[in-house]
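S.K.: Could you work out the structure for the sequence below:
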Amino acid sequence: MGFHDDHGRFYRRWLQEHRRHLRRLLTAPREPTHHQTLQPLVDAVVAHYAAYFVSKSRYAKRDVLAIFDATWSTTLERGLQWIAGWRPAVAFHLFYSESSLRLETQLTEILHGRGSGDLGDLHPTQLTRIGDLHLETVREEKRITARMADWQEDRVVAHSLDDSDLNMEEELRTILEEADQLRLGTIRRVVESLNPLQAVDFLTAAAELQIGIREWGEERDGTRGPPDDDDDKSSTD
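M.R.: Numbers count the residues shown, from 1 in each chain. Predicted coordinates for the structure are as follows:
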C-alpha cells in the first residue's frame, strides 16, 4: 500500500509539471528570430522525461512487479502499455502525423520558398535520419519484446518447479530498464534531429497525447479528480 501510494503521488506530481510544460510549449514564440530561444524549453521538457525514468528505475528496485501492475494508472493507460510504458514506435507515428498535418496547411508557402521552419518544413536529410531511427527502434522493440516473452515462459516453468523468484525479478528489472532506455533514447534522438521549433511541435504533440489519454482514462474510470486546480495552485506561471 505504501509503495503504491508513494509512486502514485510521484506520478500525479509529474503529470502536473507535464501540464505546465505543455502550456509553455503551446505559448512558445514561433517567429524564426526566436527559434534559438526555444532550446532551453526543449531541454527542460526532455529533462522532465529523464527525471521520470530515473525515479521509475528507483521504484522498480523496490518492487518491479508493482511497476507492471501500475495501479496508479487508468484502465486505458494500462491497456495501451508495452512493458510498463508507452511503445517507442508510437513516437514516430506521432511525428509523421504531426508533420503531415502541418505540411498540408502550408504547402503553398513552402513551394514558394517561404518555409516556416516548423515540423511541416523538414529537410530531406532530417527525414532520412528519422526514418533510419524508426527502423532501428522497431528492431530494438522486437528484441526486447522477445526477451519479455522468454521471461514469461521461464516464469511459468520456474513456478511449476517451485524455484526462487529473486533471479527472475532481477531479470524483469533489466528488461524494464532496457525498455525505458529505449523510450527515453527515442525522445532524445528525435529531438536532436530537429531544430528547436520542430522539437517544440513534436514535444507538444507527445504531451497532448499522453495527457489526453490520461484524462480520457480518468473519465472512463470515473476517477477524474481536480488535477488542473492543484496544478494552478502549485504553478508560479
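S.K.: what sits against Ser99?
M.R.: Counting by C-beta atoms under 8 Å, 6 or more residues apart in numbering, Ser99 touches 119-120, 122. In this view, the C-beta of every residue, glycine as well, is placed from N, C-alpha and C.
S.K.: what's the distance between Gln181 and Glu140?
M.R.: From Gln181 over to Glu140 the distance is 9 Å, taken as C-beta to C-beta, to the nearest Å.
S.K.: out of these two, which sits in the more crowded spot?
M.R.: Glu140 (18 against 15; other C-beta atoms under 10 Å).
S.K.: can you tell me how far that one sits from Ala179?
M.R.: Glu140 is 9 Å from Ala179, by C-beta to C-beta.
S.K.: where in this structure is pLDDT low?
M.R.: 1-5, 102-117, 157-164, 223-237 (pLDDT under 70).
S.K.: Scan it for its longest helix.
M.R.: helix 124-160 (DSSP state H).
S.K.: Relative to the whole chain's centre, how far out is that helix?
M.R.: 16 Å (C-alpha atoms, centre = their mean, to the nearest Å).
S.K.: in it, what counts as buried?
M.R.: Using 16 or more other C-beta atoms under 10 Å as the test for burial, helix 124-160 gives 126, 129-130, 133-134, 137, 140-141, 144, 147-148, 155.
S.K.: other SSEs contacting the following helix or strand past it?
M.R.: Next in sequence after helix 124-160, counting helices and strands by DSSP states H and E, comes helix 166-192. Packing contacts for helix 166-192, counted by 3 or more C-beta pairs under 8 Å, 6 or more residues apart in numbering; DSSP states H and E, involve helix 39-62, helix 64-69, helix 90-105, helix 124-160, helix 196-221.
S.K.: so which of the ones you listed gets nearest Pro29?
M.R.: helix 196-221 (9.1 Å; C-beta to C-beta).
S.K.: Remind me what the closest one packs against, helices and strands.
M.R.: Counting by 3+ C-beta pairs under 8 Å, 6+ apart, helix 196-221 packs on helix 2-26, helix 39-62, helix 75-79, helix 90-105, helix 166-192.
S.K.: quick one: which of those helices is nearest Gly222?
M.R.: helix 75-79 (10.4 Å).
S.K.: Give me the neighbour count for the closest residue to Glu77 other than its chain neighbours.
M.R.: Excluding the flanking residues, the one nearest Glu77 by C-beta to C-beta, 6 or more residues apart in numbering is Gly217, at 5.2 Å. By other C-beta under 10 Å, the residues close to Gly217 number 19.
S.K.: okay, now Leu101: neighbour count?
M.R.: 13.
S.K.: Run a quick neighbour tally on the residue lying closest to it once chain neighbours are set aside.
M.R.: Spatial nearest neighbour of Leu101, excluding adjacent residues (C-beta to C-beta, 6+ apart): Gly120 at 7.4 Å. Burial of Gly120 is recorded as 21 neighbouring residues (other C-beta under 10 Å).
S.K.: ok, now Leu94?
M.R.: Around Leu94 there are 16 other residues, counting by other C-beta under 10 Å.
S.K.: Name all residues that make contact with it.
M.R.: 202, 205-206, 209.
S.K.: Quick check: the two most widely separated of the buried residues of helix 124-160?
M.R.: Across those (C-beta to C-beta), the longest gap, 42.4 Å, separates Gln126 and Arg155.
S.K.: before we move on, the earlier item: how much space is there between the residue nearest to Leu101 and Leu197?
M.R.: Here the criterion is C-beta to C-beta. By it, Gly120 lies 10 Å from Leu197.
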